[in-house]
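> Just to be clear, the model below is a prediction. Sequence and coordinates:
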Amino acid sequence: MSRRKQTAPKPRRRLVGWLAWFAVLNALWLVFISAWVIAEEILGLVASAIAATAAEAVREQGLVGFRPRARWLLHARFLPARTARESVAVLGALARQLAGRGAVEGGFRLVEVTLPKDHDEAAAKRALLTAGESFAPNAYVLAIDPEEHLMLVHELVPENAE
């Protein structure tokens with residue numbers, strides 16, 4: 001097998017990578033604005049193009065390796081239900097606070113995480129863990145310790161208080 005068939009030519013690889021980043025970032029933009037307004041979409045196209053160019057420049061220079069695995073994204077299927085459940089918990093805590101029926105004190109939680117040995121895969125998994133855990137309104141990730149395999153999470157309404 002020739003070397004040419006094993007790796008795509010650089011210009012083609014750059015274009016495919018850029019288009020992938022552009023499509024994903026533009027889809028995220030549309031989700032975040034939650035509306036179809038032509039001026040917003042034009043702004044989103046420009047922002048997506050700039051961000052895709054930056055992502056490809058970083059990848060091309062080898063500054064950051066990012067190798068996510070498709071199976072990791074399977075966990076995202078739980079995000080909508082978790083977001084709804086945590087929204088109810090946070091809004092309930094807010095209502096109790098406003099009604100003067102007790103203050104809500106946030107808390108910290110340590111979560112064990114399994115990280116791959118490969119540095120680039122571990123970086124990708126840490127990024128996805130941070131985004132996934134911080135997506136719903138009740139919690140956000142403060143740090144992930146790759147040596148101890150622990151993730152420190154702050155919760156507005158601690159799990160045991162719900």
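In hand now; what should we look at?
> next one: stretch 151-162 to chain centre, how far?
When distances are taken as Cα atoms, centre = their mean, to the nearest Å, stretch 151-162 is centred 19 Å away from the chain's centroid.
> Show residues contacting that stretch.
Stretch 151-162 is contacted by residues 86, 89-90, 92-93, 104-113, 129, 133, 137-145 when judged by Cβ atoms under 8 Å, 6 or more residues apart in numbering. The way it works is simple: take the backbone N, C-alpha and C, and place the C-beta from them, glycine included.
> now the residues you listed: which count as buried?
86, 89-90, 93, 104, 113, 129, 133, 137-139, 141, 144 (16 or more other Cβ atoms under 10 Å).
> Next, count neighbours for Leu91.
Counted by other Cβ atoms under 10 Å, the residues lying close to Leu91 total 12.
> starting at the chain centroid, how far to stretch 119-126?
Here stretch 119-126 is found 13 Å from its chain centre; the criterion is Cα atoms, centre = their mean.
> Restrict stretch 127-139 to CA atoms and write it as CSV.
Taking only C-alpha atoms (Å, rounded to 0.1, in the frame of the first residue of the first chain), the coordinates of stretch 127-139 have been written out as CSV:
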residue,chain,number,x,y,z
ALA,A,127,-12.5,18.4,28.2
LEU,A,128,-15.6,16.3,27.6
LEU,A,129,-16.0,15.5,31.3
THR,A,130,-15.8,19.1,32.2
ALA,A,131,-18.3,20.1,29.5
GLY,A,132,-20.7,17.3,30.4
GLU,A,133,-20.6,17.8,34.1
SER,A,134,-20.9,21.6,33.8
PHE,A,135,-23.7,21.5,31.2
ALA,A,136,-26.6,21.1,33.6
PRO,A,137,-27.3,24.1,35.9
ASN,A,138,-26.6,22.6,39.3
ALA,A,139,-22.9,21.7,39.0
